[in-house]
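**Student:** I would like the atomic coordinates for the input below:
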Amino acid sequence: PPDIAVFSIPRDLWVASLKAKINTMYHYGEEKQAGGGFILAKSTVSEVLGLPIHFAVLIDFSGFEKVVDTLGGIEINVLNSFEDQKYPIAGKENDPCESCRYEALKFQAGTQTMNGQMALKFTRSRYSDSDEGSDFARSKRQEQVMQAIRDKLIKNPLKVIDLQKAIKDTAKSDISPDLIPAIVKLGLGVYK
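**Tutor:** I've put the predicted structure just below:
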């Protein structure tokens, strides 16, 4: 069977050839033409990694929350306690009261069950004054969440069907539907 590796690309990685951060590629591609977001994002990641990127999946924040909630929450071992005083509140980005744009988060070390909303905050938090505010710590937390989702699916593989229904309106992909079962099977092999 093929090897699978999971890794995170820092959101602020500068792509010199495009004079922009990597996290803007989907947006710029879609501005050019409908469907261009996947094309530009995949070609940029391919350029950075030197590897072909065959497929892409885009899931919005509400879809991410639905995935975790459909699984009944996930178990996460928070490795280090941390606080984030500047977690952005959706819909408040342009509030004239700057301090009203954010909420304070606090995570205690130890194993806990997270629902979709808390798992999203755990993965997105990036303004901690501790080492947990680094891109590397954030990547590690994201990998923990992906592994927890995988662990839940291994315990109940039929949940894949529920997940497909739950995120059908919040996810986009260029994966042919006939390939999804094979890709899911490969994905469940990650983090062995």
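
**Student:** make it CA atoms for all contacts and neighbour counts henceforth
**Tutor:** Fine.

**Student:** ok so residue 112 is a helix residue?
**Tutor:** No - when DSSP: H, G, I helix; E, B strand; the rest coil is applied, residue 112 is found to be strand, with no helix at that position.

**Student:** residues touching it, list them.
**Tutor:** Counting by Cα atoms under 8 Å, 6 or more residues apart in numbering, residue 112 makes contact with 75, 76, 77, 78.

**Student:** so what's the residue count around the second one?
**Tutor:** Looking back up the chat, that one is residue 76. Residues lying near residue 76 (other Cα atoms under 10 Å) number 20.

**Student:** now do residue 97
**Tutor:** In terms of burial, residue 97 registers 10 neighbours under the definition other Cα under 10 Å.

**Student:** per-residue pLDDT, it?
**Tutor:** In the prediction, the pLDDT value recorded for residue 97 is 94.

**Student:** any idea how far residue 91 is from it?
**Tutor:** Distance of residue 97 to residue 91, given as Cα to Cα, to the nearest Å: 13 Å.

**Student:** dump the residue contacts of residue 145.
**Tutor:** The contact partners of residue 145, taken as Cα under 8 Å, 6+ apart, are 74, 76, 119, 123.

**Student:** surely residue 153 is within a strand?
**Tutor:** No - Residue 153: not assigned to a strand; according to three-state DSSP it is helix.

**Student:** what about the nearest residue in space to it that is not next to it in sequence, distance to residue 170?
**Tutor:** When the adjacent residues along the chain are set aside, residue 153 lies closest to residue 159, with 6.4 Å between them (Cα to Cα, 6 or more residues apart in numbering). For residue 159, the distance to residue 170 (Cα to Cα) stands at 17 Å.

**Student:** helix/strand/coil for the residue nearest the centre of the chain?
**Tutor:** Note on the chain: the residue nearest the mean C-alpha position is residue 142, at 6.5 Å, using Cα atoms, centre = their mean. Following three-state DSSP, residue 142 is assigned to helix.

**Student:** next one: residue 99
**Tutor:** Going by three-state DSSP, the secondary structure assigned to residue 99 is helix.

**Student:** give me every residue that touches the residue nearest to the centre of the chain.
**Tutor:** Listed by Cα under 8 Å, 6+ apart, the contact partners of residue 142 are residue 123.

**Student:** where does residue 129 land on pLDDT?
**Tutor:** If you check residue 129, the pLDDT there is 89.

**Student:** quick one: residues contacting it.
**Tutor:** For residue 129, the set of contacting residues under the criterion of Cα under 8 Å, 6+ apart consists of 83, 84.

**Student:** quick one: it and residue 65, what's the gap?
**Tutor:** Following Cα to Cα, the distance that separates residue 129 from residue 65 is 26 Å.
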